[in-house]
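Asker: Prediction below, plus the sequence it came from.
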Amino acid sequence: MTRFPHDRFDDVTDGPRVGAHRGVHRRGRGWIAFAWAALATGVLVGIGVLVLALLNGSYAFPGGGSSSSPSASASSSASASASPSAGGSGGSGGSGGSGADGGAGSGEASSPAAAAPTDQGATTLVVLNGTTTTGLAANASTKLTTAGWTVTSTGDAGTTGSTATIVYYQQASQAALAQGIATSLGVTAVQQSAAFPNADISVVLGADYAG
């Protein structure tokens, strides 16, 4: 039988029921209390771990809008990086085509409106033969003079392998004059170049010039 410490209720002498206020303890009460304490401890620990994870950013709720943002950003970056490379390849292809035509393509793309012979002023103009055909420069000079242009001189270009007739000009401000001269000769290729420093505008006749 369990023994309890003596207290003031044990001093009551009203009847034979001394210490009747002390009931018999039920079995297992200690384990129930321990189980509740363990459960409460586990819940508190779990809440603490979740809070720390959220504060450190190591846990993300599934299905949220933020999880799809990185992939969308990555797709946008990939598209943006692909676009310049595609443009660059197109540009390089275009430059290759102009090189194959001896620079004629680039001259045509950027050529301004043709100027009239009255706009020539003091601009010097030479006609050079770039082929083996004799008298081609004189023929073109006559054609330009008839159209109103002032030809400074004629001669050979120093090469006999030119296939396309090109009108070269020194300064950007002379581009319109070069275009007008090319129109008078029935050609289209004009190009800015410092390869012929003896004149402001130099016409190099090629094999395509019909005369």
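Answerer: Alright, I've got the coordinates.
Asker: pretty sure residue 200 contacts residue 174?
Answerer: Yes: if you go by C-beta atoms under 8 Å, residue 200 and residue 174 touch, sitting 5.7 Å apart. Any C-beta I mention is one placed from the backbone N, CA and C, and that applies to glycine too.
Asker: Can you tell me how far the residue lying closest to residue 207 once chain neighbours are set aside is from residue 135?
Answerer: The shortest distance from residue 207 to any non-neighbouring residue, by C-beta to C-beta, 6 or more residues apart in numbering, is to residue 163 (5.0 Å). Per C-beta to C-beta, to the nearest Å, residue 163 is found 19 Å from residue 135.
Asker: The chain: helices as residue ranges?
Answerer: With helices called from DSSP state H, the chain shows them at 29-56, 65-100, 104-110, 136-147, 175-185.
Asker: mind listing what residue 140 touches?
Answerer: Going by C-beta atoms under 8 Å, 6 or more residues apart in numbering, residue 140 touches 127, 154, 185, 203, 205, 209, 211.
Asker: follow-up on the earlier one: could you pull out the residues contacting both of residue 200 and residue 174?
Answerer: With C-beta under 8 Å, 6+ apart as the test, residue 200 and residue 174 both reach residue 123.
Asker: ok, back up a step: going by neighbour count, which of the contacts of residue 140 are buried?
Answerer: Taking 16 or more other C-beta atoms under 10 Å as the criterion, what is buried in the contacts of residue 140 is 127, 154, 185, 203, 205, 209.
Asker: Contacts only, for the second one.
Answerer: What it means is residue 154. 126-129, 137-138, 140-141.
Asker: most neighbours, which of these?
Answerer: residue 127 (30 neighbours; other C-beta atoms under 10 Å).
Asker: residues in contact with residue 118?
Answerer: residue 148.
Asker: going forward can the numbers begin at 21, since that is how I track them
Answerer: Sure thing, new numbering starts at 21, so read that last one as residue 138.
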